[in-house]
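> Quick one: sequence plus predicted model below, questions after.
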Amino acid sequence: MAITATKGQTGLTGNSAVAYAMKQVNPDVCAAYPITPSTQIVEDFSGYVADGEVTTELITVESEHSAMSACIGAAAAGARVMTATSSQGLALMWEMLYIASGMRLPIVLANVNRALSAPINIHCDHSDSMGARDSGWVQLYSETVQEAYDNVFMALRIAEHKDVLLPAMVCLDGFITSHAIENISLLDDQEVRQFIGSYSAKASLLDIEGAPTFGAMTLPDTYIEFKRQQSEAMTRAKDAAIEVMKDFGKRFGREYGLFETYRLEDAEAAIVVLNSAAGTTKVAVDALRKEGKKVGLLRPRLFRPFPWQEIAEALKGAKAVAVLDRADSMNAFGGPVFSEVRSALYDLDSRPRVMNRIYGLGGRDYKVKDAVEVFNEALKAAETGRVDTLVKYITL
Amino acid sequence: MVEKKEYPLGGVIPKGGTADDYSTGGWRKLRPVVDLDKCTNCLICWVMCPDSAVVTEDGKMAGFDLDHCKGCGICAVECPDKVKAIKMVEEAE
């Protein structure tokens, strides 16, 4: 692990930072199966286990399906559980993701975003976590290494919040964030311990006296009530996230919200984009602002639950919004972020024009010039009130 | 207004063995019938029954728990050839 410490700053890759966060959390159980580009998380963490720096039971399993299954068993036993994966790994966890959320087990998973096969590709896009967007997991997205590190602690607090009790996923961009070294500020172990507190599960499989039943079947007379209960918990997760982010900012001075806005207040054209591409977009915003063009950015952080009222409120001043998706819903109607942002804007009295641009699939670079091009298209739509092409692939 | 029922979080039932309270024998097509005069109480049927639906009393075969027997017929097959005390009969009969 490459560490260059200067003035309280440490140079870490996204993966090492997430592994270090996991070390500081010291979960009871980690069941994982390494996969590119998240491999280094499990590799670093297994080092901490081997060196006795954590007391975690590390379960090495034969697949991601087994990894999530073991996580679910451990969480049902009352353990604080964490794991990490990417792409096909998350896809193989699929059916177990729904069981983790349905059983209301606050497992925390770091997902290093990578494209799904076929064709096979190990590089960044968001089709893995976007595919899991309806699985009942809270999803937090991260632009930088620092944010990925911070999000691990916030995700844990949101997941274990008494009003939530749902699993949570921290998403960061494969290679772009997971393998790039950034200078970040680490928290003290003591600060982490105080922030996350201890975890006490409501019920435990190991409770021999009470011998509770987990995973019982429900029929049409009860299933829908459990799903409503779960849905209400997801609704409450937004307020829990606000509370947790506020507390994080108060304690450590790094302020986070449901989403980040950048020069958006008076913007006529806005880009909405997740994760690392926001950094590139900010450079384009600054360049265009210098030319006197009113452009801005909104970067969602909390995608599940989707804070639609707040996002609509933040975007209502814009005349045109370009939503960038690093995943395609393959519905001939654009990507998932587009669908949800566009839907969120529907109830506004005066709606911005909205367009969708699919970019960067399979790790294709998204450059400042690409953002500038999108902004120019959006500015044109703002001026004319017309969107020429609703959905289009860019960075081709 | 219909009052909202309380359901345990995540479907956790605060006690075990609840399958016992739930009748699952309803889809049985064939019903096992034991001839207790032929039965030697070897209890191979009790060992082999996948639903624990063979009822015993004082270590002896006493019949079947028809709330849980699915009518698979394993007991009838496993009953030793020299005994053959269990027959499967159509539920419709």
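Received the coordinates, thanks. Residues are numbered from 1 along each chain as shown, chains lettered A, B, ... in the order given.
> Which residue ranges of chain B form helices?
B:44-48, B:74-78 (DSSP state H).
> For A:A118, which of the ones you listed is the nearest?
A:A118 sits nearest to helix B:74-78 of all the helices of chain B, at 44.5 Å, using C-beta to C-beta. In short, each C-beta sits where N, CA and C put it, glycine included.
> any low-confidence regions in chain A?
Across chain A, the ranges flagged by pLDDT under 70 are A:1-7.
> Residues of it that sit close to chain B?
A:102-105, A:165, A:202-203, A:210-216, A:218, A:222, A:225-226, A:229 (C-beta under 8 Å from any C-beta of the partner chain).
> could you flag which of those are buried?
A:102-105, A:165, A:203, A:212-214, A:226, A:229 (16 or more other C-beta atoms under 10 Å in any protein chain shown).
> What about these, which are in helices?
Per DSSP H, these map to helices at A:102, A:226, A:229.
> for chain A, what are the nearby residues on chain B?
Checking chain B against chain A by C-beta under 8 Å from any C-beta, the hits are B:5, B:7, B:9-18.
> For ChimeraX, what selects the buried ones among these?
Listed next is the ChimeraX selection for buried residues among the residues of chain B next to chain A, using 16+ other C-beta under 10 Å:
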select /B:10,11,12
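> With pLDDT added, can I get the residues of chain B next to chain A in CSV?
Converted to CSV, those look like this (pLDDT from 0 to 100):
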residue, pLDDT
B:K5, 66
B:Y7, 88
B:L9, 92
B:G10, 92
B:G11, 91
B:V12, 92
B:I13, 91
B:P14, 88
B:K15, 89
B:G16, 87
B:G17, 85
B:T18, 85
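> Please enumerate the strands of chain B.
B:30-34, B:54-57, B:60-64, B:86-90 (DSSP state E).
> what about A:A32, distance to chain B?
Distance from A:A32 to chain B, counting by C-beta to the nearest C-beta, to the nearest Å: 23 Å.
> Could you tell me how many residues sit around that residue?
A:A32: 29 surrounding residues under other C-beta atoms under 10 Å in any protein chain shown.
> Looks like it contacts A:S86 (just checking).
No. Using C-beta atoms under 8 Å, A:A32 is not in contact with A:S86; the gap is 11.2 Å.
> And the helices in chain A, which stretches?
So, for chain A - with DSSP H - the helices run A:14-25, A:39-50, A:64-76, A:87-92, A:94-102, A:127-131, A:145-160, A:189-196, A:223-252, A:277-290, A:308-315, A:336-345, A:368-384.
> Could you point out which of the ones you listed sits nearest B:C39?
helix A:64-76 (41.6 Å).
> Now do that closest one: which elements does it pack against?
Helices and strands touching helix A:64-76, by 3 or more C-beta pairs under 8 Å, 6 or more residues apart in numbering or on different chains; DSSP states H and E, are strand A:29-32, strand A:57-60, strand A:81-85, helix A:87-92, helix A:94-102.
> Now do the contacts for the nearest residue to A:H161 once chain neighbours are set aside.
In space, and not counting its chain neighbours, A:H161 is closest to A:A240: 4.1 Å by C-beta to C-beta, 6 or more residues apart in numbering or on different chains. By C-beta atoms under 8 Å, 6 or more residues apart in numbering or on different chains, the contact list for A:A240 reads A:157-158, A:161, A:163-164.
> Likewise for A:P27?
Counted by C-beta under 8 Å, 6+ apart, A:P27 has contacts A:54, A:56, A:79-82, A:108.
> switch the cut-off to 10 Å
A:45, A:54-58, A:71, A:74-75, A:79-83, A:107-108, A:156, A:199 (C-beta atoms under 10 Å, 6 or more residues apart in numbering or on different chains).
> Repeat that for A:E377.
A:E377 touches A:269, A:320, A:322, A:355, A:357, A:387-389, A:392, A:394, counting by C-beta under 10 Å, 6+ apart.
> and it, how far is that from chain B?
Counting by C-beta to the nearest C-beta - A:E377 and chain B are separated by 46 Å.
> Run a quick neighbour tally on residue 66.
I went with chain A, as the question did not name one. A:S66: 17 neighbours (other C-beta under 10 Å).
> Let me rephrase: I mean chain B.
16.
> Report pLDDT for it.
With respect to pLDDT, B:L66 has a value of 96.
> So the spatially closest residue to it that is not a sequence neighbour versus B:T56, what's the distance?
Leaving aside its sequence neighbours, B:L66 sits nearest to B:G25 (C-beta to C-beta, 6+ apart; 5.2 Å). Applying C-beta to C-beta, to the nearest Å, the value for B:G25 to B:T56 is 18 Å.
> Please say which of these two ends up with more neighbours.
Each of B:G25 and B:T56 has its neighbours counted (other C-beta under 10 Å); B:G25 has more, 16 against 13.
> distance of the more buried one from chain A?
Taking C-beta to the nearest C-beta, one finds B:G25 at 16 Å from chain A.
> what residues are up against that residue?
B:G25 neighbours (C-beta under 10 Å, 6+ apart): B:31, B:51, B:53, B:64-71.
> and what of B:L66?
B:23, B:25-26, B:28, B:31-32, B:53, B:55, B:91.
> Now the buried members of those.
B:25, B:28, B:31-32, B:53, B:55.
> Report the residue ranges of every domain in chain A.
Using automatic domain parsing, the domains assigned to chain A come out as A:9-252, A:261-393.
> Ramachandran angles for the residue nearest the centre of chain B?
Nearest to the mean C-alpha position of chain B, by C-alpha atoms, centre = their mean, lies B:A53 at 2.3 Å. Per-residue torsions, B:A53: phi -100, psi 0 (degrees, to the nearest 10).
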